[in-house]
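what's the 3D shape of this:
(one chain, ligands or ions: 1)
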Amino acid sequence: MTEQRIPAEFYSLPYFDSFKIPRYLNFKRKQEQLSWEEIITYVNLNLDYPFYEMIREISNPDNLTVLVNKYNRLPMNYIPQDLESIHPDFNSGEFKLRQEARVAFEKMGRAAGQDGIMIQAISTFRSFDYQEEVYFRKKSPEISMEEYRKERDRVSARPGHSEHQTGLAVDINDLEQSFEQTPAGKWLAANSYHFGYILRYPKGKEYITGYDYEPWHFRYLGPKLATEIHKLRITFDEYYIRYLSQIL
Ligand SMILES: [Zn+2]
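Numbering: from 1, shown residues only. Below you'll find the predicted structure:
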């Protein structure tokens, strides 16, 4: 095996962290097919550790660009203070989003309506306690916790790790992967970024996000960031490391 060296040009990347050099080298040894840019991004995300190891508690939960994933946990008692009910035309229940996300969601709903597409929120803000209920909903005594987590982690967040706790995420119309084939699913995939929403768990990026493809789950980031992410075709996790982590 040839010993890899990090080419000099990568040392000047704004997100290069010299304290992580041993981890970069170690990860490259295990994942030789990845580019150095990917290695550095993934290690900064902690992807060289299994999901739910190396967890950091989020200190800026109110920030609109907050990154919540399997390595970044929201404080247990965090509840956004500006939650507002979505207009009944776009709401299948009593669902609430943070103000800016709520306004943008309704704008998106009206634009979709003009194209003959109906969109409705079917889940939005979820508290830590409610997420705990959701995560353990399918647990039975016969199944070990280890086995349960292995299956459940692909489709449901552990409490504190759900983007829904930010009040900036919304599930739309239908929790089925076939949603991508529907007019609403197609419309959202093509247009949501104009309104500041991105598809947060894309197909083929499961090894980064830690979740199965979710064509119904959208995250509000504002039109500027959503447009950049949509055009770059990367996940928010990667975008956060490359463009946001140094300025926060
Ligand atoms: Zn969701």
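
contacts, neighbours, all on C-alpha from now
OK.

contacts only, for the residue nearest to the spatial centre of the chain.
Most central in the chain under Cα atoms, centre = their mean is residue 200, positioned 4.6 Å from the mean C-alpha point. Contacts for residue 200 (Cα atoms under 8 Å, 6 or more residues apart in numbering) come out as 214, 217-219, 235-236.

next one: residue 109
By Cα under 8 Å, 6+ apart, the contact list for residue 109 reads 90, 118-120.

which of the residues you listed tops the neighbour count?
residue 119 (25 neighbours; other Cα atoms under 10 Å).

so that residue sits in a helix?
No. Looking at residue 119 with DSSP: H, G, I helix; E, B strand; the rest coil, it is coil, so not inside a helix.

from residue 111, how far out is it?
10 Å (Cα to Cα, to the nearest Å).

and the next element down the chain from the helix or strand harbouring residue 108?
Here residue 108 sits within helix 99-114, counting by DSSP states H and E. For helix 99-114, the following helix or strand on the C-terminal side (DSSP H and E) is strand 121-123.

close to the ion, is the next helix or strand after that next one?
The C-terminal neighbour of strand 121-123 among helices and strands, as given by DSSP H and E, is helix 128-136. No. If you take Cα under 5 Å from the ion as the test, helix 128-136 misses the ion, and the best it gets is 10.9 Å.

downstream neighbour of helix 128-136 in the secondary structure list?
Trace forward from helix 128-136 with DSSP H and E and the next one is helix 145-152.

picking up where we left off before, could you pull up phi and psi at the residue nearest to the centre of the chain?
Main-chain dihedrals, residue 200, degrees, to the nearest 10: phi -80, psi -30.

that one and residue 13: what is the separation?
25 Å.

for residue 110, same thing?
Residue 110 is 41 Å from residue 13, by Cα to Cα.
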